[in-house]
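A.B. asks: missing the sequence, but the structure's below:
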Ligand code: MN3
């Protein structure tokens, strides 16, 4: 099915001062829109037209780079908008917290590993909390890749392409990752995805 740009689930200025309206306008209206527009062009005639977005992402990985890059980024951004909220960060729902404690050694260790994954992703990409083989895991991927193509379920992802932070943080990627984790993450949505996984 054709890709469609979803509306942001909040106002452009909802995440300020941690992520500005200017960043969200460019990131959502220009960057995400471009993945949708280009993805739809590449989907046509690819043989994947009838598939769900998740299926297109998995099927095009390693076989159709152009389609994969755009479909992967479309998938990643649909969730990225929902992984953030106004007044985010803070306490996690109990069931998620319990898994973070048992699988990742607690919130502080998880926070450090997640930020470190984002800082050390060389060039464009994403850092993740994913569920793999029944266990929470912190991962990083280049460009438009995500845990789906590595046998895992994405539960939380942070976009570390420069377009996601350069207006607000310039080159200070670690500061952006700290603000994402501490002030923007929608833990309820992460818990919802864990529950469904
Ligand atoms: Mn992006």
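C.D. replies: Alright, I've got the coordinates. Since this is a predicted model, take the numbers as computed values, not measurements.

A.B. asks: Of all the residues in stretch 35-49, which ones are buried?
C.D. replies: 35-36, 38-40, 42-43, 46, 48 (16 or more other CB atoms under 10 Å). Just so you know, the C-beta spots here come from the backbone N, C-alpha and C atoms, and that holds for glycine as well.

A.B. asks: could these be laid out in a markdown table, adding distance to residue 80 and pLDDT?
C.D. replies: Shown next, in a markdown table, are these (distance: CB to CB, whole Å; pLDDT from 0 to 100):
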| residue | distance to residue 80 | pLDDT |
| --- | --- | --- |
| 35 | 11 | 98 |
| 36 | 14 | 98 |
| 38 | 18 | 98 |
| 39 | 16 | 98 |
| 40 | 19 | 98 |
| 42 | 21 | 98 |
| 43 | 21 | 98 |
| 46 | 24 | 97 |
| 48 | 22 | 97 |
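
A.B. asks: now, which of those residues sits nearest the ion?
C.D. replies: Using CB to the ion, residue 35 comes nearest to the ion of the buried residues of stretch 35-49, at 8.3 Å.

A.B. asks: tell me which element the closest residue in space to residue 48 that isn't next to it in sequence falls in.
C.D. replies: Of all residues not flanking residue 48 in the chain, residue 56 sits nearest, at 4.8 Å (CB to CB, 6 or more residues apart in numbering). Element membership for residue 56, per DSSP states H and E: helix 53-60.

A.B. asks: Tell me what angle the next helix or strand after that helix forms with helix 53-60.
C.D. replies: As assigned by DSSP H and E, the chain's next helix or strand after helix 53-60 is helix 65-82. For helix 65-82 against helix 53-60, the angle by axes from the mean of the first three to the mean of the last three CA atoms, to 10 degrees is 150 degrees.

A.B. asks: follow-up on the earlier one: what's the spacing between the helix holding residue 56 and its chain's center?
C.D. replies: Distance, stretch centre to chain centre, for helix 53-60: 16 Å (CA atoms, centre = their mean, to the nearest Å).

A.B. asks: who does that helix touch, helix- and strand-wise?
C.D. replies: helix 65-82 (3 or more CB pairs under 8 Å, 6 or more residues apart in numbering; DSSP states H and E).

A.B. asks: If you count neighbours, what's buried in the helix it packs on?
C.D. replies: Under the neighbour-count criterion of 16+ other CB under 10 Å, helix 65-82 has 67-82 buried.

A.B. asks: if we can go back for a sec, quick one: which of the buried residues of stretch 35-49 is nearest residue 194?
C.D. replies: Checking the buried residues of stretch 35-49 against residue 194 with CB to CB, the nearest one is residue 35 at 25.8 Å.

A.B. asks: Cheers, nothing more for now.
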